[in-house]
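Participant: Here is my input; please provide its structure:
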Amino acid sequence: MSPTYREKPVGPVAWLVLAALILLGLYLVRLRLGTLDGLALAIVGVVAVPAAIAMWSTNHYSGLRITDTHLVVGRDRIPLSSIDPASVRAPGEPDPAPRGNLAGGGYAVPLGMKAVAAFVHGRGQVRFPTHRPEELAEALRAALTRSRD
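Facilitator: Take a look at the predicted model:
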């Protein structure tokens, strides 16, 4: 089941930047200490490992994808059959729903993101955090139309 829409908060460029910073850090530590021993690796690792974990965690828990049967937001797998197609609202559209539980396990929409809202049977109004609300709303409507056919 391949996703018809996918959004990852941390893209490949960010991983390349982290790798470049790790290499730069190793180079600078080697210049300062004259060798790459366990201490040098520990110094760079103290910064690099938590950064990599934070980046992975952000992708894992804030990632969003639409498959043929589900909308997956972080930890939540919401069947498309339980979403009311007429209720899908992006910010700025008529009657946007500012309230509702946030899908994916978060407590609030992260900074720099917007939310697309929809009514989910059994859960009420639910918001889906996204960087591209118009694209998500359109992809969700298209997936809901396909799943009803």
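Participant: any idea how far residue 130 is from residue 3?
Facilitator: Counting by C-beta to C-beta, to the nearest Å, the gap from residue 3 to residue 130 is 14 Å. Using the backbone N, CA and C atoms, a C-beta is placed for each residue, glycine as well.
Participant: the more surrounded of the two?
Facilitator: Each of residue 3 and residue 130 has its neighbours counted (other C-beta atoms under 10 Å); residue 130 has more, 25 against 15.
Participant: Chain neighbours aside, what residue packs nearest to that one?
Facilitator: residue 136 (4.5 Å; C-beta to C-beta, 6 or more residues apart in numbering).
Participant: Who are the packing partners of the helix or strand hosting that neighbour?
Facilitator: Residue 136 belongs to helix 133-148 when elements are defined using DSSP states H and E. With contacts taken as 3 or more C-beta pairs under 8 Å, 6 or more residues apart in numbering; DSSP states H and E, helix 133-148 sits against strand 5-7, strand 64-66, strand 114-120, strand 124-130.
Participant: who wins for proximity to residue 103 among the ones you listed?
Facilitator: strand 124-130 (5.1 Å; C-beta to C-beta).
Participant: Go through that closest one and flag the buried ones.
Facilitator: 126, 127, 128, 129, 130 (16 or more other C-beta atoms under 10 Å).
Participant: chain center to the helix holding residue 136: distance?
Facilitator: 17 Å (C-alpha atoms, centre = their mean, to the nearest Å).
Participant: Would you reformat the helices and strands packed on helix 133-148 as TSV and include distance to residue 46 and mean pLDDT?
Facilitator: Formatted as TSV, the helices and strands packed on helix 133-148 follow (distance: least, C-beta to C-beta, whole Å; pLDDT from 0 to 100):
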stretch	distance to residue 46	mean pLDDT
strand 5-7	31	89
strand 64-66	31	92
strand 114-120	35	90
strand 124-130	30	89
